[in-house]
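> my questions concern the predicted model and sequence given below.
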Amino acid sequence: MEHKVKIYNSLSGKKEILTPRNEQFVGMYVCGPTLYSEPHMGNMRTFINFDLVYRYLLHAGYKVKYVRNITDAGHITNSAGQEEDSIGKAARLEQLQSLEIVYKYNVKFQELQRLYNMLPPSIEPTATGHIQEQIEIIEKILENGYGYSVNGSVYFDTKRYMQDFNYGILSGRKVEELENETRTLNNQDEKRFFADFALWKKANPEDMQIWRSPWGDGNPGWHIECTAMSTKYLGKQFDIHGGGMDLKFPHHEDEIAQSCGSFGCQPASIWMHANMLNVNGQKMSKSLGNFFLPKEIVEGTSPLFKKPYAPNVIRFFMMQAHYRSTLDITETGLDAAEKGLNRLMEGLKLIEKVSHSASTSFKWKELVDSFDEAMQDDFNAPILIANLFEAVRYINLINDGKETITLEHLGILQTAMQVFIFQVLGLFSEEQGQDNRLNPVMDLVLNLRSQAREQKDWTTSDKIRDGLAAAGIVVKDGKEGTTWS
RNA sequence: GGUCUCAUGGCCGAGCGGUUAGGCACCGGUCUGCAAAACCGUCUACAGCAGUUCGAAUCUGCUUGAGACCUCCA
C-alpha cells in the first residue's frame, strides 16, 4: 500500500508530505519530561499523542527511530528573583539527592507509559549521560563565533547569530518586538543582549549536580541537551522533531539556533507541536496547581472526578481530539468516552459472530480505506474513530440482517478494525484484572437466578439482581443469556 | 503591553469553498416478565456584523469573548 503521510509542519505552517531523508527510515525526536516530579495528565497527553504518531508511522511501514530524552539535569532558572534548579529544589524538599529524585520519578514515568499502553521509544537518553556531547557542541558554537563565555558561563550570541540566520524562524518571533516587551530579568548583567541564552551555567555553591567543563564547573543550559542528543542518535539533520506546544518558544527556537550555530543546518525537516490539555479552559500546569496525576484518575482519587476511569478510556478520550487542538478534560467528556469506547469494543466482539453472505451490500472497501486516509491526514484520529464507529454501525446492521457482507470482506474489515484500534490507536484488547475467583461464584448465582426466571419466580430473580446491584455488580439479561459486570 | 491561536447543535469534538463527521445526552422504535443493557432511527449547529463568491462553518475585514507564548513548563 502506498503511504503518503501528511504532517502539519510548524516551521512552514502547512501540511507537508512526509519524505524521509532516508527512504523508509524515519528519525523522530521528541522532548521528554523533566523528572523533578511525577508527570501529570497534561504531560501524558503529549507523550500519548506522539505515541500515536510513532504507532502510525510504524503501521505505515516506516522503520522509525524514536528518540525521547529524559531531562535529569535541573536547569537553573530565574523564578521569583531566585536562581534555582528544579531538580535540586525537589531534592532539597524531599531530602534526597538529585539522582534519587530523577530515579524515583523515572520509575513512575515508566510505569505510566505501560499503564497508558505507550510503546517504548527506541531510546530514552538522559541529559546527564551526555554532558560531554553537550560540551562539544558548545565548543563548536564558540568556534563559529555564535557564543561567548563570561565568568565561567557560556551564552549564545543571538545578535551575532541573527546576522547569518533567522532567529525566530519557528515561533515567528521578532527579536525587536521581544526587546520592547522584556520583563525585568535578573542576572542580565552577564548577557550581552537580552535574547541571549545560557549554553553553560557556572555552578552555584549549593548546586547538587556539578560537571566539569572547559569553562569551569557548572551545569549545561536547558536547550543544549536536546541538540546534543538528537545529533548523537539521529544525526545533524533528521525528519521529525516533536514536543509540547509550550516548548515552541524559546526551547525549540533555541535548538534550531544551536544546530545552525554549530553545524550550520536546521536539525529537523518537520516540527510537530502537540497542544495542551486544559482544565476549565485553562492549560493544566504544575504552577497553576490545576493538574492531576494519571494515577489519581485511574484510581478515582482525584477530587475533580467522582469515579475512576480506566487508562483505556482516558487514552480513547484523548484520541477523540486532534493532537493540534486543545482538549478540555471533564467528567462528562470522560463518561461519554467510556460509553463510546464500549460501543466500539462491543462492535469488535460482534464482528466475530456475525454471519456472512454471498455479497456485500455496502461500500466496504471505501470504509476500510477511510481508516488509513484519516491517519494519513496529519494523524487525524478523531476522523479515524468516526469511521470506526461507522464500521460498527454496519456490523450491527449485518447482525440485524439489514446489510450483508461476504466472508472475505468480513475478514478484511475485521483485521483492519483490529489493527487500527489496537495497534494504531493503542487501545487495549481486554480490560484486565478481574478477579477470576468470582467467575464460578457468579456462574452459580446466575444459574440459580435463571432457574427462578424459568419458573417465573420474579420475586427471587429480582431479589438476586437487586442484591448483586447493591454489591456493585450489574446484571443484564440479553438475548443470548445473562451477563454481569 | 506585544505576538499568535481559537470561537461549531444540550455537552464533547471533526471539518480547511459545494457530500446531514462521529461520540455522549434527549426523543421515537426494536428487544424484554419488569428493569437495565444492547441495537436501529430522529435531532441540519457553526460568536456578532459587514464583504468576496453562482455558492462560506470554511476566504477577507471589523467587533466581542476565550486561551497560549513572551518566565520553568508537555
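On my side now, so go ahead.

> where does chain A get nearest to RNA strand B, residue-wise?
Here chain A gets closest to RNA strand B at one residue, residue A:244, 1.5 Å apart by C-beta to the nearest atom of the strand. Bear in mind the C-beta positions are built from the backbone N, C-alpha and C, glycine included.

> skipping adjacent residues, who's closest to that residue in space?
Spatial nearest neighbour of residue A:244, excluding adjacent residues (C-beta to C-beta, 6 or more residues apart in numbering): residue A:46 at 4.5 Å.

> give me the number of neighbouring residues for that neighbour.
Neighbour count of residue A:46, defined by other C-beta atoms under 10 Å: 26.

> which SSE is it in?
Using DSSP states H and E, residue A:46 falls within helix A:41-59.

> that helix and RNA strand B, any residue contact?
Yes - with C-beta under 7 Å from any atom of the strand as the criterion, RNA strand B is reached by helix A:41-59 at A:42, A:43, A:45, A:46.

> any idea how far the first one is from residue A:277?
Taking C-beta to C-beta, to the nearest Å as the measure, residue A:42 falls 4 Å from residue A:277.

> for residue A:292, same thing?
Remark: distance between residue A:292 and residue A:277 (C-beta to C-beta) = 10 Å.

> who's more crowded, these two?
Taking neighbours as other C-beta under 10 Å, residue A:292 and residue A:277 compare with residue A:277 leading, 25 against 18.

> need the contact list for the more buried one.
A:41, A:42, A:45, A:283, A:284, A:318, A:326, A:327, A:329 (C-beta atoms under 8 Å, 6 or more residues apart in numbering).

> just flag the most distant two among the residues you listed.
The distance between the two most remote of the contacts of residue A:277 (C-beta to C-beta) is 15.3 Å, for A:283 and A:318.

> out of these two, which sits in the more crowded spot?
Counted by other C-beta under 10 Å, residue A:283 and residue A:318 do not tie: residue A:318 has more neighbours, with 22 against 18.

> sorry, back to before: which of the residues of helix A:41-59 next to RNA strand B count as buried?
Buried residues within these, counting neighbours by 16 or more other C-beta atoms under 10 Å: A:42, A:43, A:45, A:46.

> how about the last one, what does it touch?
Read that as residue A:46. Counting by C-beta under 8 Å, 6+ apart, residue A:46 touches A:243, A:244, A:274.

> and what of the third one?
When contacts are counted by C-beta under 8 Å, 6+ apart, residue A:45 is found next to A:274, A:276, A:277, A:318, A:327.

> one more time with 7 Å, if that's ok
A:274, A:277, A:318 (C-beta atoms under 7 Å, 6 or more residues apart in numbering).

> next one: the first one from residue A:393, what distance?
From residue A:274 across to residue A:393, the span is 30 Å (C-beta to C-beta).

> just to revisit the earlier point, how about the residues of helix A:41-59 next to RNA strand B in a markdown table, adding pLDDT and distance to residue A:354?
Shown next, in a markdown table, are the residues of helix A:41-59 next to RNA strand B (pLDDT from 0 to 100; distance: C-beta to C-beta, whole Å):
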| residue | pLDDT | distance to residue A:354 |
| --- | --- | --- |
| A:42 | 96 | 40 |
| A:43 | 97 | 41 |
| A:45 | 98 | 35 |
| A:46 | 98 | 38 |
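
> for residue A:368, state which of these is nearest.
Comparing the residues of helix A:41-59 next to RNA strand B against residue A:368 with C-beta to C-beta picks out residue A:45 as the nearest, at 28.9 Å.

> and residue A:16, helix, strand or coil?
Classification of residue A:16 by DSSP: H, G, I helix; E, B strand; the rest coil places it in strand.

> isn't it right up against residue A:4?
No - with contacts counted by C-beta atoms under 7 Å, residue A:16 stays clear of residue A:4, the gap being 10.7 Å.

> could you find the closest non-adjacent residue to residue A:297?
In space, residue A:297 is closest to residue A:309, 5.7 Å off (C-beta to C-beta, 6+ apart).

> any chance of the backbone angles for the one you found?
Per-residue torsions, residue A:309: phi -130, psi 140 (degrees, to the nearest 10).

> distance of it from residue A:115?
For residue A:309, the distance to residue A:115 (C-beta to C-beta) stands at 12 Å.

> give me the common contacts of these two.
residue A:298.

> higher neighbour count, these two?
residue A:309 (21 against 17).

> show me what contacts that one?
Going by C-beta under 7 Å, 6+ apart, residue A:309 touches A:297, A:298, A:334, A:338.

> and with 10 Å instead?
Neighbour list for residue A:309: A:297-300, A:302, A:316-317, A:329, A:331, A:334-335, A:337-338 [criterion: C-beta atoms under 10 Å, 6 or more residues apart in numbering].

> what does residue A:263 give?
So residue A:263 contacts A:137, A:140, A:141, A:144, A:227, A:231, A:235, A:236, A:237 (C-beta under 10 Å, 6+ apart).

> just residue A:217 next, same as before
For residue A:217, the contact set (C-beta under 10 Å, 6+ apart) comprises A:152, A:202, A:203, A:207, A:210, A:211.

> please pick the buried ones from those.
A:202, A:203, A:207, A:211.

> of the residues you listed, which one scores lowest on pLDDT?
Lowest pLDDT among the buried ones among the contacts of residue A:217: residue A:207, with 81.

> what's the closest non-adjacent residue to that residue?
Leaving out its chain neighbours, the residue that sits closest to residue A:207 by C-beta to C-beta, 6+ apart is residue A:88, at 6.3 Å.

> just checking, the one you found touches residue A:74?
Yes - using C-beta atoms under 10 Å, residue A:88 makes contact with residue A:74 at a distance of 4.9 Å.

> out of those two, which sits in the busier spot?
A direct count of neighbours by other C-beta under 10 Å for residue A:88 and residue A:74 places residue A:74 higher, at 26 against 23.

> so where's chain A shaky on pLDDT?
A:1-3, A:75-84, A:177-189, A:430-436, A:479-481 (pLDDT under 70).
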